[in-house]
Every structure is written in structure tokens, then in C-alpha cells.
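A.B. asks: Structure for this input, please:
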Amino acid sequence: MSSDPGLFQTIYTTRALRRFKPDGVPDAVLFQLFDAAIRASSGQNAQDWRFIIIRDAEVKRQLREWAMEGWSRYSARYGSDEDIQALPRNQRLSLLSVRDLAMHLETVPVIVAVLGMKARHSTPGGSTFPAVQNFQLAARAMGLGSSIFNLPMREQLNGMLGIPENNQLYCLIPLGYPTDNQGRLNRKPVKTVVYNERFGEPWPFAEGQPDDGWSDRWAPG
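C.D. replies: Residues are numbered from 1 along each chain as shown. Below is the predicted model:
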């Protein structure tokens, strides 16, 4: 197991990683991730999140087929492969990694399906995605990579996984030891997304901070 890099370094360097080594993920590591995930807050303390570990080769092959169908529809908005290559670097690299994940989904060591009870909360997903964030940060801390990847989601998947009618599938998380690196994240400055008292009102403190925030404190270089 990897040494925990610390909370703020983990937060400031957790990228969506979508290319993985073939190495399996030990059950003890998976248990730690789920044990961290369920420490998240939950509306009315319902704790209605449920997770399915997917390692079956046939299921992953079907997911790959659906993912490629989803990629075809998703990528059409950007045009041809040549058009994608002409996009700004960050956008181009993100799209290409999504394509690579769709193309190689059956080789991903583990895919986790994340569920929650239907109609249990007034804001669907609001008591599920905090657990997803915990899961992904814990994965980063233990040397793993992950992303939320919903291109393969189909109604038929519920039947394949035996999901009861009273549960909703919220997302899929491909997981493994990454071939790409974690690192600093490019984000909009805090001052452009946080307002003071009313929408659109600048927050004076944020106005005086660097556009890259305090990344240098937690993700130097």
C-alpha cells in the first residue's frame, strides 16, 4: 500500500486518470477505499449508498461495447479526429483519455458501480456523491487512479448487475494503478466562482489571491 500523501496534497493533485496497468487491485486495498467512502455524510444518516465491484470479463466486454457507442455520440459534437487534435491541449488530452478508456474498458482491473435508493432524498445523488469523492481521494492516497465514467450506462446494465427496482445507478468508477501521473490541477480562480453575499458580488479576499490559488503550498512544481 502506498504512503498517504496527506489530505491537502491529495485534494490538490487528484486528477481523473483513465489509463491503467493490468495489475489487479487487492481486496484489502478495495476494502480500504470502500471503508473510506462510507465515512461520507449522508442525508438523514440514511447511508443508502451501495457499491458493486465489477471484475467479470464478459460484463466488462459488454460495458466496452456500450462505452464505444457512447463515445461515438459524445465525440460527434467535436467533429472529426482532426478537429479534436486541433483543440486546446487540456481539452484535447482529456477527450483522448476518455476515448482510450472507452476503447480499453474491458482491460480495466476494476469497475465500481455506485447506487443509491430511489426517492430516498429530495436531491437525488446528494447523499451518494460525497461517498464517491471520498472513494476517489482514498484511491489517490493509495496510489490508484480513477474517474467517473458514465458512457457505458444503459438500462440493461441494471439487469446484468441484478440491481433492484428501488435502487438507482448513479455512476461507474473505473479503477486501477495508473500509467499516467497525478499532479497539479488547472482550475478557474476562486475569485471567478465564489461570490460575497449575493451572486456576482466579488469577494475581496479572493481578489487578492493568485489565480492558481494556494497550489504551491500543496502541489509544488
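A.B. asks: got the domain boundaries for the chain?
C.D. replies: Following automatic domain parsing, the chain resolves into domains at 7-181, 187-212.
A.B. asks: first vs last residue of stretch 78-92, how far apart are they?
C.D. replies: 10 Å (C-alpha to C-alpha, to the nearest Å).
A.B. asks: so where's the protein uncertain?
C.D. replies: When residues are selected by pLDDT under 70, those of the chain lie in 1-2.
A.B. asks: Which stretches in it count as strands?
C.D. replies: 50-54, 110-117, 145-146, 167-176 (DSSP state E).
A.B. asks: Ok, which of these comes nearest residue 9?
C.D. replies: strand 145-146 (15.6 Å; C-beta to C-beta). Just so you know, the C-beta spots here come from the backbone N, C-alpha and C atoms, and that holds for glycine as well.
A.B. asks: Mind giving me the packing neighbours of that closest one?
C.D. replies: When contacts are defined as 3 or more C-beta pairs under 8 Å, 6 or more residues apart in numbering; DSSP states H and E, strand 145-146 packs onto helix 129-141, strand 167-176.
A.B. asks: Go again with 10 Å.
C.D. replies: Identification of packing neighbours for strand 145-146 by 3 or more C-beta pairs under 10 Å, 6 or more residues apart in numbering; DSSP states H and E yields strand 110-117, helix 129-141, strand 167-176.
A.B. asks: ranking the strands of the chain by burial, who's on top?
C.D. replies: Among the strands of the chain, ranked by average contacts under mean count of other C-beta atoms under 10 Å, first place goes to strand 145-146 (a mean of 26).
A.B. asks: For that one, give me every contacting residue.
C.D. replies: Strand 145-146 is touched from outside by 14-21, 33, 108, 110-112, 132, 135-140, 173-182, with contacts defined as C-beta atoms under 10 Å, 6 or more residues apart in numbering.
A.B. asks: now the residues you listed: which count as buried?
C.D. replies: Buried members of the contacts of strand 145-146, scored by 16 or more other C-beta atoms under 10 Å, are 14-20, 33, 108, 110-112, 132, 135-140, 173-178, 182.
A.B. asks: Residue 219: which of the domains of the chain is closest?
C.D. replies: domain 7-181 (4.2 Å).
A.B. asks: export the helices and strands packed on strand 145-146 to CSV and tack on distance to residue 203?
C.D. replies: Shown next, in CSV, are the helices and strands packed on strand 145-146 (distance: least, C-beta to C-beta, whole Å):
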stretch, distance to residue 203
strand 110-117, 33
helix 129-141, 24
strand 167-176, 31
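A.B. asks: Would you mind putting the domains of the chain into TSV with distance to residue 219 alongside?
C.D. replies: As requested, the domains of the chain are exported to TSV (distance: least, C-beta to C-beta, whole Å):
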stretch	distance to residue 219
domain 7-181	4
domain 187-212	9
